[in-house]
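In: Structure for this input, please:
(2 chains)
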Amino acid sequence: GENVEQHPSTLSVQEGDSAVIKCTYSDSASNYFPWYKQELGKRPQLIIDIRSNVGEKKDQRIAVTLNKTAKHFSLHITETQPEDSAVYFCAGMFSGGYNKLIFGAGTRLAVHP
Amino acid sequence: DTEVTQTPKHLVMGMTNKKSLKCEQHMGHRAMYWYKQKAKKPPELMFVYSYEKLSINESVPSRFSPECPNSSLLNLHLHALQPEDSALYLCASSQVEGDRGEKLFFGSGTQLSVL
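Out: Next comes the predicted model:
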(Lines give C-alpha, C1' and ligand atoms only; values in the text may rest on other atoms or scores of the structure.)
Protein backbone atom coordinates (compact mmCIF):
# COMPACT_ATOMS: atom_id res chain seq x y z
CA GLY A 1 0.00 0.00 0.00
CA GLU A 2 0.92 3.64 0.00
CA ASN A 3 3.54 4.47 2.58
CA VAL A 4 6.03 7.24 3.37
CA GLU A 5 8.79 6.62 5.88
CA GLN A 6 10.65 9.52 7.48
CA HIS A 7 13.91 9.72 9.46
CA PRO A 8 15.05 10.81 11.95
CA SER A 9 12.13 11.28 14.32
CA THR A 10 14.05 13.94 16.26
CA LEU A 11 16.96 16.15 15.23
CA SER A 12 18.91 18.60 17.38
CA VAL A 13 21.38 21.05 15.83
CA GLN A 14 23.25 24.19 16.79
CA GLU A 15 22.25 27.47 15.23
CA GLY A 16 24.07 27.91 11.92
CA ASP A 17 24.48 24.19 11.29
CA SER A 18 22.71 22.29 8.52
CA ALA A 19 19.82 19.87 9.04
CA VAL A 20 18.88 16.98 6.76
CA ILE A 21 15.66 14.95 6.90
CA LYS A 22 15.14 11.90 4.71
CA CYS A 23 12.04 10.15 3.39
CA THR A 24 11.34 7.06 1.31
CA TYR A 25 8.12 6.16 -0.48
CA SER A 26 6.58 2.93 -1.63
CA ASP A 27 4.69 3.75 -4.83
CA SER A 28 7.00 4.21 -7.81
CA ALA A 29 4.20 6.08 -9.61
CA SER A 30 4.12 8.85 -6.98
CA ASN A 31 4.72 12.18 -8.69
CA TYR A 32 4.61 14.97 -6.14
CA PHE A 33 6.50 15.39 -2.85
CA PRO A 34 5.82 18.36 -0.58
CA TRP A 35 7.35 19.24 2.75
CA TYR A 36 5.30 20.83 5.53
CA LYS A 37 6.41 22.66 8.67
CA GLN A 38 4.12 22.58 11.68
CA GLU A 39 4.72 24.72 14.73
CA LEU A 40 3.07 23.85 18.02
CA GLY A 41 -0.66 24.53 17.87
CA LYS A 42 -0.52 25.71 14.25
CA ARG A 43 -1.57 24.36 10.89
CA PRO A 44 0.88 22.54 8.59
CA GLN A 45 2.48 25.06 6.26
CA LEU A 46 3.91 24.08 2.87
CA ILE A 47 7.56 25.13 2.73
CA ILE A 48 8.80 23.50 -0.47
CA ASP A 49 7.71 20.84 -2.93
CA ILE A 50 9.17 18.88 -5.82
CA ARG A 51 7.67 17.04 -8.76
CA SER A 52 8.94 13.74 -10.11
CA ASN A 53 10.43 15.26 -13.27
CA VAL A 54 12.88 17.38 -11.21
CA GLY A 55 15.91 16.20 -9.23
CA GLU A 56 16.50 19.20 -7.01
CA LYS A 57 14.79 22.42 -6.00
CA LYS A 58 16.05 25.26 -3.83
CA ASP A 59 14.40 28.19 -2.09
CA GLN A 60 16.83 30.35 -0.10
CA ARG A 61 18.02 28.21 2.84
CA ILE A 62 15.80 25.26 1.99
CA ALA A 63 16.42 22.62 -0.67
CA VAL A 64 14.82 19.33 -1.59
CA THR A 65 16.42 16.51 -3.59
CA LEU A 66 14.64 13.57 -5.21
CA ASN A 67 16.05 10.23 -6.32
CA LYS A 68 13.27 8.49 -8.26
CA THR A 69 15.24 5.31 -8.83
CA ALA A 70 15.85 4.82 -5.12
CA LYS A 71 12.41 6.27 -4.21
CA HIS A 72 13.75 8.69 -1.67
CA PHE A 73 13.78 12.43 -1.17
CA SER A 74 15.42 14.71 1.35
CA LEU A 75 14.99 18.15 2.91
CA HIS A 76 18.10 20.23 3.50
CA ILE A 77 18.05 23.33 5.70
CA THR A 78 21.24 25.38 5.79
CA GLU A 79 22.28 28.07 8.29
CA THR A 80 19.58 26.96 10.70
CA GLN A 81 17.95 29.52 12.99
CA PRO A 82 15.97 29.03 16.22
CA GLU A 83 12.75 29.90 14.35
CA ASP A 84 13.32 26.79 12.20
CA SER A 85 12.45 24.72 15.27
CA ALA A 86 9.23 22.83 14.47
CA VAL A 87 7.94 19.47 13.30
CA TYR A 88 8.63 18.79 9.62
CA PHE A 89 6.54 16.36 7.61
CA CYS A 90 7.38 14.94 4.22
CA ALA A 91 4.52 13.68 2.08
CA GLY A 92 3.87 11.82 -1.14
CA MET A 93 1.02 12.25 -3.58
CA PHE A 94 -0.02 8.82 -4.72
CA SER A 95 -1.22 8.25 -8.27
CA GLY A 96 -4.70 7.48 -9.53
CA GLY A 97 -6.04 10.96 -10.10
CA TYR A 98 -7.52 11.27 -6.64
CA ASN A 99 -5.04 13.62 -4.94
CA LYS A 100 -4.17 11.19 -2.17
CA LEU A 101 -1.49 12.90 -0.06
CA ILE A 102 0.08 10.67 2.61
CA PHE A 103 2.39 12.05 5.31
CA GLY A 104 5.53 10.68 6.86
CA ALA A 105 5.69 10.33 10.65
CA GLY A 106 7.40 13.69 11.14
CA THR A 107 10.75 14.99 12.41
CA ARG A 108 10.95 17.24 15.45
CA LEU A 109 13.77 19.71 14.73
CA ALA A 110 15.27 21.70 17.59
CA VAL A 111 17.74 24.48 16.74
CA HIS A 112 19.70 25.63 19.78
CA PRO A 113 21.12 29.18 19.95
CA ASP B 1 -8.06 35.15 -0.49
CA THR B 2 -5.61 32.30 0.20
CA GLU B 3 -7.23 31.12 3.39
CA VAL B 4 -9.00 27.95 4.39
CA THR B 5 -11.30 28.85 7.26
CA GLN B 6 -12.46 26.28 9.80
CA THR B 7 -15.08 26.66 12.51
CA PRO B 8 -15.26 26.16 15.37
CA LYS B 9 -11.65 26.35 16.56
CA HIS B 10 -12.43 24.27 19.64
CA LEU B 11 -15.26 21.84 20.32
CA VAL B 12 -16.12 19.75 23.36
CA MET B 13 -18.88 17.20 22.95
CA GLY B 14 -20.36 14.25 24.73
CA MET B 15 -20.60 10.81 23.21
CA THR B 16 -24.33 11.22 22.53
CA ASN B 17 -24.07 14.66 20.92
CA LYS B 18 -24.37 15.55 17.25
CA LYS B 19 -22.14 18.34 16.00
CA SER B 20 -20.70 19.58 12.73
CA LEU B 21 -17.33 20.95 11.70
CA LYS B 22 -17.28 23.51 8.89
CA CYS B 23 -14.66 24.45 6.34
CA GLU B 24 -14.71 27.19 3.70
CA GLN B 25 -12.34 28.31 0.95
CA HIS B 26 -12.64 30.90 -1.81
CA MET B 27 -9.56 30.02 -3.87
CA GLY B 28 -11.56 28.23 -6.56
CA HIS B 29 -10.12 24.89 -5.47
CA ARG B 30 -12.16 21.87 -6.52
CA ALA B 31 -10.56 19.29 -4.18
CA MET B 32 -11.23 19.40 -0.47
CA TYR B 33 -9.97 17.14 2.29
CA TRP B 34 -10.50 16.12 5.88
CA TYR B 35 -7.50 14.99 7.89
CA LYS B 36 -7.35 13.85 11.51
CA GLN B 37 -4.24 14.60 13.58
CA LYS B 38 -3.53 13.14 17.00
CA ALA B 39 -0.90 14.74 19.22
CA LYS B 40 2.67 14.16 18.02
CA LYS B 41 1.42 12.25 14.97
CA PRO B 42 1.16 13.16 11.27
CA PRO B 43 -2.12 14.21 9.65
CA GLU B 44 -4.08 11.10 8.67
CA LEU B 45 -6.28 11.28 5.57
CA MET B 46 -10.00 10.69 6.14
CA PHE B 47 -11.89 11.92 3.07
CA VAL B 48 -11.25 13.56 -0.28
CA TYR B 49 -13.84 15.38 -2.39
CA SER B 50 -13.19 16.19 -6.03
CA TYR B 51 -15.68 18.41 -7.83
CA GLU B 52 -18.07 18.04 -4.89
CA LYS B 53 -18.09 14.26 -5.15
CA LEU B 54 -16.57 11.94 -2.56
CA SER B 55 -13.55 10.33 -4.22
CA ILE B 56 -11.73 8.83 -1.24
CA ASN B 57 -13.02 7.43 2.06
CA GLU B 58 -10.15 5.92 4.01
CA SER B 59 -12.35 3.37 5.78
CA VAL B 60 -13.55 5.99 8.24
CA PRO B 61 -16.23 4.87 10.75
CA SER B 62 -19.77 5.92 9.86
CA ARG B 63 -19.99 8.13 12.95
CA PHE B 64 -18.06 10.62 10.75
CA SER B 65 -20.18 11.83 7.84
CA PRO B 66 -18.71 14.27 5.31
CA GLU B 67 -20.73 16.59 3.14
CA CYS B 68 -19.74 18.97 0.36
CA PRO B 69 -22.73 21.29 -0.28
CA ASN B 70 -20.88 23.33 -2.92
CA SER B 71 -17.41 23.96 -4.27
CA SER B 72 -16.49 26.31 -1.41
CA LEU B 73 -17.85 24.44 1.59
CA LEU B 74 -17.02 21.19 3.31
CA ASN B 75 -18.69 19.85 6.44
CA LEU B 76 -17.94 16.96 8.74
CA HIS B 77 -20.95 15.73 10.70
CA LEU B 78 -20.18 13.99 13.97
CA HIS B 79 -22.46 11.61 15.83
CA ALA B 80 -21.92 9.13 18.67
CA LEU B 81 -18.18 9.76 18.83
CA GLN B 82 -15.81 7.97 21.17
CA PRO B 83 -13.17 9.53 23.44
CA GLU B 84 -10.45 8.17 21.12
CA ASP B 85 -11.84 10.40 18.37
CA SER B 86 -10.47 13.40 20.24
CA ALA B 87 -7.96 15.04 17.89
CA LEU B 88 -7.24 18.04 15.71
CA TYR B 89 -9.40 17.89 12.57
CA LEU B 90 -7.81 19.66 9.63
CA CYS B 91 -9.51 20.72 6.44
CA ALA B 92 -7.48 21.37 3.30
CA SER B 93 -8.10 22.34 -0.30
CA SER B 94 -6.20 22.15 -3.58
CA GLN B 95 -6.56 22.26 -7.31
CA VAL B 96 -7.50 19.07 -9.12
CA GLU B 97 -5.57 18.17 -12.23
CA GLY B 98 -5.90 14.46 -12.77
CA ASP B 99 -2.73 12.72 -11.73
CA ARG B 100 -0.74 15.92 -11.15
CA GLY B 101 -0.01 16.61 -7.56
CA GLU B 102 -1.13 19.97 -6.30
CA LYS B 103 -0.39 22.09 -3.26
CA LEU B 104 -2.68 21.53 -0.30
CA PHE B 105 -3.61 24.55 1.78
CA PHE B 106 -4.62 23.71 5.33
CA GLY B 107 -7.04 25.41 7.66
CA SER B 108 -6.13 26.05 11.29
CA GLY B 109 -8.13 23.05 12.41
CA THR B 110 -10.79 22.25 14.97
CA GLN B 111 -9.48 20.84 18.25
CA LEU B 112 -12.12 18.29 19.23
CA SER B 113 -12.49 16.77 22.69
CA VAL B 114 -14.98 13.94 23.22
CA LEU B 115 -15.98 13.36 26.83
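
In: CA only for contacts and neighbour counts going forward, please
Out: OK.

In: Do I have it right that residue B:105 meets residue B:35?
Out: No: the pair residue B:105 / residue B:35 is not scored as a contact, 12.0 Å apart, by C-alpha atoms under 8 Å.

In: which element is the residue most central in space within chain B on?
Out: Compute the mean C-alpha point of chain B, and by C-alpha atoms, centre = their mean the closest residue is residue B:34, 2.7 Å away. Using DSSP states H and E, residue B:34 sits within strand B:31-37.

In: Contacts only, for residue A:102.
Out: Residue A:102 sits next to A:2, A:3, A:4, A:91, A:92, A:93, A:94, B:44, B:45 when contact means C-alpha atoms under 8 Å, 6 or more residues apart in numbering or on different chains.

In: The residue nearest to the centre of chain B pairs with what?
Out: With DSSP bridges as the criterion, residue B:34 is bridged to residue B:47, residue B:91.

In: and it, how far is that from residue B:22?
Out: 10 Å (C-alpha to C-alpha, to the nearest Å).

In: Please list the residues outside the strand holding residue B:34 that contact it.
Out: A:99, B:43-52, B:74, B:87-96.

In: filter those residues to the buried ones?
Out: Buried members of the contacts of strand B:31-37, counted by 16 or more other C-alpha atoms under 10 Å in any protein chain shown: A:99, B:43-50, B:52, B:74, B:87-96.

In: Out of the residues you listed, which sit inside strands?
Out: Residues of these located in strands (DSSP state E): B:44-50, B:74, B:87-94.

In: Identify the farthest-apart pair in those residues.
Out: B:50 and B:87 (24.5 Å; C-alpha to C-alpha).

In: any common contacting residues for residue B:105 and residue B:35?
Out: Common neighbours of residue B:105 and residue B:35 (criterion: C-alpha under 8 Å, 6+ apart): residue B:92.

In: Between the two, tell me which one has more neighbours.
Out: Between residue B:105 and residue B:35, residue B:105 has the larger neighbour count (other C-alpha atoms under 10 Å in any protein chain shown), namely 23 against 18.

In: roughly how far apart are the more buried one and residue A:22?
Out: 23 Å.

In: Kindly report the same for residue B:26.
Out: Taken as C-alpha to C-alpha, the span from residue B:26 to residue A:22 is 34 Å.

In: Which one's more surrounded, those two?
Out: residue A:22 (18 against 14).

In: quick one: secondary structure of the nearest residue to the more buried one once chain neighbours are set aside?
Out: By the measure of C-alpha to C-alpha, 6 or more residues apart in numbering or on different chains, the closest residue to residue A:22 outside its immediate chain neighbours is residue A:74, 4.4 Å from it. Residue A:74 falls in the strand class when you classify it by DSSP: H, G, I helix; E, B strand; the rest coil.
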